[in-house]
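1. let's see this in three dimensions:
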Amino acid sequence: MVKCISVLGATGSIGRQSLTVAAHLGIPVAAITAEKNIRLLEEQARLHSPRIAAVYDEKAASELRTALADTSVRVVSGPEGLLEAATAAEADCVVTGVSGSVGLLPTLAAIEQKKRIALANKETLVCAGELVMARAAETGAEIVPVDSEHSAIFQSLGGALRHPGLRRILLTASGGPFLGLTGAETYHKTPAEAIAHPNWSMGAKISVDSATMMNKGLEFIEAMRLFGVTPEQITVLIHPRSVVHSAVEYVDGSVVAQLASPDMVLPIQLALTWPERKPSPAPDLDLFSAGDLRFLPPDLENTPCLGLAMEAAKRGGTAPAILSAANEAAVGLFLREKLCFGQIYECVAGALGSIEIIDAPSLEDILAADGRAREFVYGAVRG
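-> This is a model prediction of the structure:
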């Protein structure tokens with residue numbers, strides 16, 4: 001079990017639950033971060049007494065300094081503050097609960113210090129998975145996945161990221177709130193409808209990604225990088241009950257799966273305690289009431305974002321970074337009601353079709369592709 005943690009994105013869904021798990025396990029917290037939600041960050045700082053509280057927005061950070069003036073918590077800001085939180089000396093584990101590519105550089109900084117990465121920021125591996133995994137191997141830093149699907153695969157592989165007997169990964173997806181609807185029926189769906197996930201309580205961005213099925217596409221790429229497999233070794237299964245969180249098929253035909261209630265507390269806790277297991281506050285799974293554990297093929301015609309991500313995975317290079325950044329920008333605009341739901345796909349497809357894809361990219365190439373993809377989406381909306 002880890003001895004002390006930093007939580008990046010502490011005010012988000014993963015971050016809040018990570019702090020709850022840390023308190024349950026008695027793990028101290030060295031640093032917490034947020035973009036600008038200083039009301040909740042102040043509450044968390046007073047409850048968990050971290051040494052550092054980082055706020056990305058400078059104005060919000062200034063307000064938090066005033067609010068926490070009666071404490072010993074040091075408030076830092078901007079990208080530098082996020083890096084300082086990720087590299088806090090006393091933390092041997094960093095929970096990367098931030099959303100989007102902003103998590104890439106802090107994750108790399110923590111890897112340089114050989115910290116365990118409790119990886120919840122899938123965009124890190126989507127954008128720069130080959131670089132990240134190579135550097136982790138070089139430094140000896142552990143990466144333990146927090147996403148429920150990747151945690152399930154990790155557990156089904158016996159706590160390994162590589163296994164010579166692995167034939168393929170069976171990556172499950174709930175299908176989101178619009179399962180069974182056509183593209184025409186979902187084109188004008190509202191943000192409120194898109195974030196109403198039937199099984200999981202998540203943040204707005206990941207909930208929209210679940211509705212478009214882009215989340216599964218990002219997880220497809222993440223699984224490739226994390227477990228060292230090809231696109232052909234991953235099969236996506238629609239599993240509406242969200243009981244089987246994913247599975248692996250071995251070369252002898254055996255399939256090993258991980259089942260649990262749809263609650264993120266369990267994979268978060270496992271990332272902090274592995275290779276130990278501790279009693280968890282997550283609800284137990286009652287198989288007698290679990291219902292029909294059926295599996296369906298994905299409908300790529302009516303959820304084209306998933307197919308787009310699969311194609312980006314096969315193309316490689318900077319294609320996944322363009323995909324991720326364009327999607328992040330488009331989802332942000334959709335949540336602000338600047339785009340229709342169906343236009344998310346159109347924006348991402350447009351970015352992938354218009355921006356040059358660089359093979360074997362450097363970190364600078366990846367960051368540049370990220371910026372160009374965002375500007376393409378914002379320009380398309382302005383135009």
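2. can you give me the strands in the protein?
-> Taking DSSP state E as the test, the strands found in the chain are 5-8, 29-34, 52-55, 74-77, 93-96, 116-119, 143-145, 166-173, 234-238, 244-250, 255-259.
3. just the residues contacting the last one, thanks.
-> In this case it means strand 255-259. With Cβ atoms under 8 Å, 6 or more residues apart in numbering as the test, strand 255-259 has contacts from 151-153, 155-156, 170, 243-250, 285, 287. Every residue, glycine included, has its C-beta placed from N, CA and C.
4. which of those tops the neighbour count?
-> Among the contacts of strand 255-259, the one with the most neighbours (other Cβ atoms under 10 Å) is residue 153, at 32 neighbours.
5. residues contacting the residue nearest to that residue when sequence neighbours are not counted?
-> Using Cβ to Cβ, 6 or more residues apart in numbering and skipping the chain neighbours, the partner closest in space to residue 153 is residue 246 (5.0 Å). By Cβ under 8 Å, 6+ apart, the residues touching residue 246 are 148-150, 152-153, 156, 169-172, 257-258.
6. try it again with 7 Å
-> Applying Cβ atoms under 7 Å, 6 or more residues apart in numbering, we find residue 246 in contact with 149, 152-153, 169-172, 258.
7. just put those in CSV and tack on distance to residue 350.
-> Output for the contacts of residue 246, formatted as CSV (distance: Cβ to Cβ, whole Å):
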residue, distance to residue 350
149, 28
152, 34
153, 32
169, 30
170, 32
171, 26
172, 30
258, 37
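8. in TSV, list these along with pLDDT and distance to residue 189.
-> Formatted as TSV, the contacts of residue 246 follow (pLDDT from 0 to 100; distance: Cβ to Cβ, whole Å):
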residue	pLDDT	distance to residue 189
149	97	24
152	98	29
153	98	30
169	98	30
170	98	29
171	98	24
172	98	23
258	98	31
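9. first-to-last residue distance for stretch 45-65?
-> 11 Å (Cα to Cα, to the nearest Å).
10. hmm, who's touching it?
-> 19, 29-36, 38, 41-42, 68, 71, 73-78, 81-82, 84-85, 88.
11. average model confidence for that stretch?
-> Averaged over stretch 45-65, pLDDT sits at 96.
12. same deal with stretch 107-124?
-> For stretch 107-124, the mean per-residue pLDDT is 96.
13. so how far is it off the chain centroid?
-> Remark: stretch 107-124 is offset 12 Å from the chain centroid, using Cα atoms, centre = their mean, to the nearest Å.
14. got it, and stretch 353-361?
-> 23 Å.
15. pick the one among the contacts of residue 246 closest to residue 204.
-> Residue 204 has its nearest neighbour among those in residue 149, at 19.8 Å by Cβ to Cβ.
16. my read: that closest one touches residue 171, true?
-> Yes. Look at residue 149 against residue 171 with Cβ atoms under 7 Å: they come within range, at 5.8 Å.
17. more neighbours, the two?
-> Set residue 149 next to residue 171 and count neighbours by other Cβ under 10 Å: residue 149 wins out with 27 against 24.
18. what's the lengthiest helix in the chain packed up against?
-> Identified as the longest helix of the chain according to DSSP state H is helix 363-382. In this structure, helix 363-382 packs against helix 122-139, helix 319-335, helix 341-354, with contacts taken as 3 or more Cβ pairs under 7 Å, 6 or more residues apart in numbering; DSSP states H and E.
19. and the second one, what does it pack against?
-> I take that to be helix 319-335. Checking 3+ Cβ pairs under 7 Å, 6+ apart, helix 319-335 ends up next to helix 122-139, helix 204-212, helix 214-227, helix 304-315, helix 341-354, helix 363-382.
20. list the buried residues of the first one.
-> Of the residues in helix 122-139, those scored as buried under the neighbour-count criterion (16 or more other Cβ atoms under 10 Å) are 122-133, 135-136.
21. over to the longest one?
-> Of the residues in helix 363-382, those buried by neighbour count under the rule 16+ other Cβ under 10 Å are 365-370, 372-374, 376-378, 380.
22. out of the residues you listed, which one has the lowest pLDDT?
-> Pick the lowest pLDDT in those and you get residue 380, at 87.
23. how near is residue 295 to residue 166?
-> 19 Å (Cβ to Cβ, to the nearest Å).
24. show me which of the two is the more surrounded one.
-> Looking at residue 295 and residue 166 with other Cβ under 10 Å, you find the greater number of neighbours at residue 166, namely 19 against 14.
25. tell me the confidence at the more buried one?
-> For residue 166, the model assigns a pLDDT of 98.
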